[in-house]
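> Predicted coordinates and the sequence they were generated for:
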Amino acid sequence: MQLCFATNNAHKLEEIKALLGDSFTLKTLKEIGCEEELPETTDTIEGNSRQKAEYVWEHFGIDCFADDSGLEITALNGAPGVHSAYYSGSRDFQQNIARVLTELKSHTDRSARFKTVITLVLNGEVHQFEGIAEGHLLEAQRGVQGFGYDPIFVPEGHERTFAEMSIDEKGKLSHRARAFAKLVAFLQTYSGINS
Ligand code: ITT
């Protein structure tokens, strides 16, 4: 069965290929002839994830899935959320962290969660899978692994930040891993039923 993963992030593609096994031939956007930037113009993580997957389905007619993620901070009413990548106005991780830390200065509640929503369009039907990693935010950065807000995020039940963990360790706890696990379980059941 052929399926497109609507991402340009090679790292994400390799990760999901390893999880899915041989029942699925995963195609990249390039391989299906999609060279354009996918639209991400809604105001929610769910909406952007769905918008990307539906764009590929509508323009290329191939079953596909897309993901979108963000950091939701309780004291900031869920911000930066869908704006996580460009919160400071640029994609610069250090500037984004700096803005978050400044805005949190007057708050005692430091709880936050990473959220991933994957949208799968299969035979024209839409399915969504959510993964959450609960945790809290430090006042200063620790660690150099990972990306984005990892140096200030400590997942629930742990003392180290995501940036102090190995890829494998973060991979067991992360929002993205949890959402992908639900997608993989769904696809395995689906391919079992249809083989
Ligand atoms: P795509 O090209 O796949 O869209 P992206 O960087 O926009 O890559 P996401 O949509 O998954 O990635 O996430 C949006 C932003 O949320 C990302 O740029 C980070 O700032 C933040 N983020 C998401 N997942 C994160 C993680 O695991 N650790 C730290 N920050 C993360």
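Yep, that arrived.
> for this structure, what spans make up the strands?
2-5, 25-27, 64-73, 111-122, 125-137, 153-155 (DSSP state E).
> Those strands: which one's closest to I16?
strand 2-5 (6.0 Å; CB to CB). For the C-beta atoms, the positions are set from N, CA and C on the backbone; glycine is no exception.
> Partner strands of the closest one and their direction?
If you go by DSSP bridges, strand 2-5 pairs up with strand 25-27 (parallel), strand 64-73 (parallel).
> What residues sit buried inside that strand?
Of all the residues in strand 2-5, those buried under the rule 16 or more other CB atoms under 10 Å are 3-5.
> could I get that strand in CSV with only the CA atoms?
The C-alpha trace of strand 2-5 is given here as CSV (Å, rounded to 0.1, in the frame of the first residue of the first chain):
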residue,chain,number,x,y,z
GLN,A,2,1.3,3.4,-1.0
LEU,A,3,1.1,6.3,1.4
CYS,A,4,2.6,9.8,1.3
PHE,A,5,4.1,11.5,4.4
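> Residues contacting stretch 38-45, please?
6, 29, 48, 50-52, 55-56, 66, 68-70, 81-82, 115-117 (CB atoms under 8 Å, 6 or more residues apart in numbering).
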